[in-house]
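Q: Got a predicted model here, sequence first, then my questions.
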Amino acid sequence: MKIIVNSTPIIALSLINQLDLLNQLFNEVIIPWAVYQEIVIAGDNKPGAKELKNANWIQVQEVASSSPLEPLLLGLDRGELEVMLLAISIKPDWVIIDEKLARRVAKAMELPVKGTLGILLVGFYAGYLSKQEILDLSQQLVDYGTRISSPILNWLKTELDLTGGQAS
């Protein structure tokens, strides 16, 4: 499976020491140059910078096409826009984005979207994480200041409960 990942999920997974989960779950993990620049260059010494720089299994790709619109006109940052433009050209299995507006735009573009918690859930289904680990990791994200709405946390708990706490 092939995914394209935006900045926030990389930072979030790095904060909870789960960035390598992407490598375990997917054959190809791709980010656009703008995401690399945002995390590693502009975000040097911030969460995710060292982890992304050392993740030689993540492919950094230039976006071949450009948008006639400035990303800010859409309410997006450069990384989010490049994730979507790259997704249009290489057709990944999923686009990994956490920000609400960017998710809405991606869905309107008919791109398959998942977020950080969705990736943790995939890790659960694949047998890499237990129910308790996911609950602990999601709490760690909240403790680090990651904004996760109550409905999203409730969705995660419901999904975990539907399996009876056992990965299939």
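A: Everything's here; your move. Numbering: from 1, shown residues only.

Q: And the helices in this structure, which stretches?
A: 7-15, 20-25, 33-36, 49-54, 71-74, 78-90, 100-108, 116-125, 131-143, 150-162 (DSSP state H).

Q: Output the below-cut-off pLDDT ranges for this protein.
A: Scanning the chain for pLDDT under 70 picks out the ranges 65-74, 164-168.

Q: Let's see that with 50 instead.
A: 70, 72, 168 (pLDDT under 50).

Q: of the helices of the chain, which approaches residue 63 most closely?
A: Of all the helices of the chain, it is helix 78-90 that lies closest to residue 63, at 4.7 Å by Cβ to Cβ. Just so you know, the C-beta spots here come from the backbone N, C-alpha and C atoms, and that holds for glycine as well.

Q: circling back to that earlier point, need the helices of the chain in JSON lines with distance to residue 63 and mean neighbour count, can you?
A: Formatted as JSON lines, the helices of the chain follow (distance: least, Cβ to Cβ, whole Å; neighbours: other Cβ atoms under 10 Å):
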{"stretch": "helix 7-15", "distance to residue 63": "15", "mean neighbour count": "24"}
{"stretch": "helix 20-25", "distance to residue 63": "20", "mean neighbour count": "16"}
{"stretch": "helix 33-36", "distance to residue 63": "7", "mean neighbour count": "22"}
{"stretch": "helix 49-54", "distance to residue 63": "18", "mean neighbour count": "17"}
{"stretch": "helix 71-74", "distance to residue 63": "12", "mean neighbour count": "13"}
{"stretch": "helix 78-90", "distance to residue 63": "5", "mean neighbour count": "22"}
{"stretch": "helix 100-108", "distance to residue 63": "15", "mean neighbour count": "16"}
{"stretch": "helix 116-125", "distance to residue 63": "22", "mean neighbour count": "21"}
{"stretch": "helix 131-143", "distance to residue 63": "28", "mean neighbour count": "16"}
{"stretch": "helix 150-162", "distance to residue 63": "29", "mean neighbour count": "13"}
